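**Q** Sequence below, structure please.
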Amino acid sequence: MSMLRLRPEVERPHEGRAGGEPRADRTATKPPANPLRRAAAFAGRTLRGEWHGIVVDPVRQLVRRGPAALLLAVVACVGVIFFHGIAQHPVGAVAVRLLGGVQGDLPLWLALLRTPVSLYVPALDLPVWAGITQLFLAFALAELALGRRRTLLIAYASTLAGTLTVRVMLAIGPGPWGLGLPPEAGQVLDTGPSAAVVGLFTYLSVVRRAPVVFTLTGGSMVWESIAKPNLAGREHLIAVAAAVVMGLLQLRADRRRQARRPGLAEAPAG
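**A** Down below sits the predicted model:
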């Protein structure tokens with residue numbers, strides 16, 4: 001009889017809470033989160049991650065590696081200043097044009113030969129000193145975040161993509177779709193590091209998931225190209241597109257590499 005009296009006492013906690021409401025039902029009636037608060041939290045996480053990816057990590061690399069980590073940025077700025085100074089004299093202008101002057105109507109082999117030097121030849125219609133800061137910042141951040149080899153690859157690939165696509169547009173010629181270029185556009189001197197700068201900033205914003213940096217750099221170039229359509233604007237659009245593709249391919253390769261690591265780690269244990 002004593003055991004029969006204890007059983008209801010044991011089973012009583014399992015019957016539910018006051019009012020017959022289960023605990024799960026009470027938690028399910030929580031009010032939804034405020035959309036503005038969720039948006040603010042998302043923006044805060046994005047900006048925090050972007051700050052660490054674009055600023056904090058490169059600064060840490062600079063502290064760890066020292067000033068030698070900025071070699072590409074210094075060489076790029078010195079090269080632009082050097083060629084700009086030489087181009088101020090008539091004989092120097094001819095030499096700069098022969099070494100780094102790229103035009104759409106040049107033979108392809110000659111254009112490819114001059115393209116690396118054309119990165120250091122500033123455009124004649126743009127103030128060189130205004131672009132030195134952007135040039136240094138782009139190469140410095142890229143060299144610290146990506147490494148020297150990949151920085152050179154992205155800068156050269158972005159410039160080369162614009163140079164080769166212009167030749168395709170010249171071959172298409174002017175048409176109703178606006179994709180081609182007239183023959184006289186092939187005589188325009190196509191030099192300067194602007195395509196490399198745009199490509200580096202865009203690639204960094206993709207691989208580091210930095211939408212603000214993309215809006216301020218690649219996005220601004222897209223808007224400028226739409227507002228002022230010219231040869232340089234088209235090359236900037238092509239550089240942005242090429243850098244986005246290279247960044248997405250890099251992210252895909254990184255995900256595949258991370259997916260293979262657990263399998264490689266478990267193989268010796270089996």
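**Q** Would you mind confirming that residue 167 is in contact with residue 102?
**A** No - taking CB atoms under 8 Å as the contact criterion, residue 167 and residue 102 are not neighbours in contact, 10.5 Å apart. (Each C-beta comes from the backbone N, C-alpha and C, glycine too.)
**Q** Can you pick out the residue with more neighbours from the two?
**A** Using other CB atoms under 10 Å as the criterion, residue 167 and residue 102 rank with residue 102 on top: 25 against 16.
**Q** Just say helix, strand or coil for the more buried one.
**A** On the three-state scheme (DSSP: H, G, I helix; E, B strand; the rest coil), residue 102 is labelled coil.
**Q** Next up, phi/psi of it, please.
**A** Main-chain torsions, residue 102, degrees, to the nearest 10: phi -110, psi 130.
**Q** Can you dump the C-alpha atoms of stretch 156-174 in CSV for me?
**A** In CSV, the C-alpha atoms belonging to stretch 156-174 read as follows (Å, rounded to 0.1, in the frame of the first residue of the first chain):
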residue,chain,number,x,y,z
TYR,A,156,48.8,41.6,-64.7
ALA,A,157,45.8,39.5,-65.5
SER,A,158,43.4,42.4,-64.9
THR,A,159,45.5,44.6,-67.2
LEU,A,160,45.9,42.0,-69.9
ALA,A,161,42.2,41.2,-69.9
GLY,A,162,41.4,44.8,-70.7
THR,A,163,44.1,44.9,-73.4
LEU,A,164,42.9,41.8,-75.2
THR,A,165,39.2,42.6,-74.9
VAL,A,166,39.8,45.9,-76.6
ARG,A,167,41.2,44.1,-79.6
VAL,A,168,38.1,41.9,-79.7
MET,A,169,35.9,45.1,-79.6
LEU,A,170,37.9,46.6,-82.4
ALA,A,171,37.4,43.4,-84.5
ILE,A,172,33.7,43.6,-83.9
GLY,A,173,33.5,47.2,-84.9
PRO,A,174,30.7,49.7,-84.2
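**Q** what comes into contact with that stretch?
**A** With contacts defined as CB atoms under 8 Å, 6 or more residues apart in numbering, stretch 156-174 is touched by 102, 104-105, 108, 111-112, 115-116, 118-119, 179-183, 185-186, 190, 193, 195-196, 198-200, 203, 231, 234-236, 238-239, 241-243, 246.
**Q** Restricted to helices, list those.
**A** Cross-referencing these with the helices (criterion: DSSP state H) gives 108, 111-112, 115-116, 118, 195-196, 198-200, 203, 231, 234-236, 238-239, 241-243, 246 as the overlap.
**Q** Return the members of those classed as buried.
**A** Neighbour-count burial within these applies to 111, 115, 118, 195-196, 198-200, 203, 231, 234-236, 238-239, 241-243, 246; the criterion is 16 or more other CB atoms under 10 Å.
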